[in-house]
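**Q** just coords:
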């Protein structure tokens, strides 16, 4: 789902449609907190008792994270690093 939404956003940018930072922040919310709500995932977010499943990105801000979709992602499952740079660890 994340890749589909990111691809759609990339296509809009490529077609030179107007994309604002607010649009990019909305896309980020759709692929994170809003999808968790839609899937009825409880204890989502960074909080005590949450599952500690998350992805880190090296980006200066949310719009950069959406547009550039940095390749140096790190994926954590249950608080443990399970993938880095697109490869399982």
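**A** Sure thing, it's come through. On a predicted model such as this, the values are computed, not experimentally measured, just so you know.

**Q** from here on, contacts and neighbour counts on C-alpha atoms
**A** Will do.

**Q** does residue 76 count as helix, strand or coil?
**A** strand (DSSP: H, G, I helix; E, B strand; the rest coil).

**Q** How many residues are close by it?
**A** Residues lying near residue 76 (other CA atoms under 10 Å) number 16.

**Q** Could you give the bridge partners of it?
**A** With DSSP bridges applied, residue 76 shows beta-bridge pairing to residue 54, residue 81.

**Q** Is it in contact with residue 57, as I believe?
**A** No: under the criterion of CA atoms under 8 Å, residue 76 is not in contact with residue 57, lying 11.7 Å apart.

**Q** so how far is stretch 19-31 from its chain's centroid?
**A** In terms of CA atoms, centre = their mean, to the nearest Å, the centre of stretch 19-31 is found 11 Å from the chain centre.

**Q** model confidence over that stretch, on average?
**A** Averaging pLDDT along stretch 19-31 yields 79.

**Q** try stretch 39-54
**A** Across stretch 39-54, pLDDT averages out at 76.

**Q** how about it: buried residues?
**A** Residues of stretch 39-54 classed as buried by neighbour count (16 or more other CA atoms under 10 Å): 44-45, 52, 54.

**Q** Ok, stretch 61-71 next?
**A** Per 16+ other CA under 10 Å, stretch 61-71 contains these buried residues: 62-66, 69.

**Q** Walking through the chain, point out its helices one by one.
**A** For the chain, applying DSSP state H gives helices covering 2-14, 21-29, 35-38, 62-68.

**Q** how close does the residue nearest to residue 75 when sequence neighbours are not counted get to residue 71?
**A** Nearest residue to residue 75, sequence neighbours excluded (CA to CA, 6 or more residues apart in numbering): residue 55, at 4.5 Å. Counting by CA to CA, to the nearest Å, the gap between residue 55 and residue 71 amounts to 12 Å.
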